[in-house]
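Asks: Test case, fold it:
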Amino acid sequence: MAVADESQKPRSGHFDIELRGYNKRQVNERVTRLAYDLKNASKSRDEATTQVAELTKALTHAQEQLTDTKSRLERMATNPSSATAMTERVREMMRL
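Replies: Okay, here's the model as predicted:
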């Protein structure tokens, strides 16, 4: 077999059969490539898991803020002339 012919074959997972089994160079290349792909997939999975954790934390914070804002708005809307509602309104106007 010619070496040039082997290097131009597409990588499909099938190995050339030689006198004593498969072509060791092809098997080693394939295993090395699979190990590299597995390492990259694991790294991508870990990065995605970290990002999910960060996004979950941000979502929880946003939900807490929304709940707080809804309760403040409800207090102001329930009795708009009370001292507490006036204080919250003035505070909100000053903040804006």
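Asks: I'd like to check which residues are in contact with Ala53.
Replies: By C-beta atoms under 8 Å, 6 or more residues apart in numbering, the contact list for Ala53 is empty. C-betas here are computed from N, CA, C, even on glycine.
Asks: where does it land on pLDDT?
Replies: With respect to pLDDT, Ala53 has a value of 97.
Asks: With the one 4 residues further on instead?
Replies: With respect to pLDDT, Lys57 scores 97.
Asks: Number the residues from 19 up from this point.
Replies: Let's use 19 as the start, then, which means that last one is Lys75.
Asks: By mean pLDDT, point me to the weakest helix or strand of the protein.
Replies: The helix or strand of the chain with the poorest confidence is helix 21-25; it has a mean of 48 (mean pLDDT, DSSP states H and E).
Asks: List the pairing partners of the helix or strand just after that helix within its sheet, with orientation.
Replies: The helix or strand immediately downstream of helix 21-25 is strand 35-36, counting by DSSP states H and E. Partners of strand 35-36 in the sheet, by DSSP bridges, are strand 39-40 (antiparallel).
Asks: next one: the helix or strand just after the partner strand to chain centre, how far?
Replies: On the C-terminal side of strand 39-40, the closest following helix or strand by DSSP H and E is helix 42-96. Chain-centre distance of helix 42-96: 4 Å, with C-alpha atoms, centre = their mean, to the nearest Å.
Asks: what bits of this protein have low per-residue confidence?
Replies: For the chain, the stretches flagged by pLDDT under 70 are 19-30, 37, 98-104.
Asks: Could you rerun that using 90?
Replies: The chain contains residues with pLDDT under 90 at 19-43, 45, 89-114.
Asks: Find the residue at the geometric middle of it.
Replies: The chain has Ala66 as the residue nearest its centroid, 2.6 Å off, counting by C-alpha atoms, centre = their mean.
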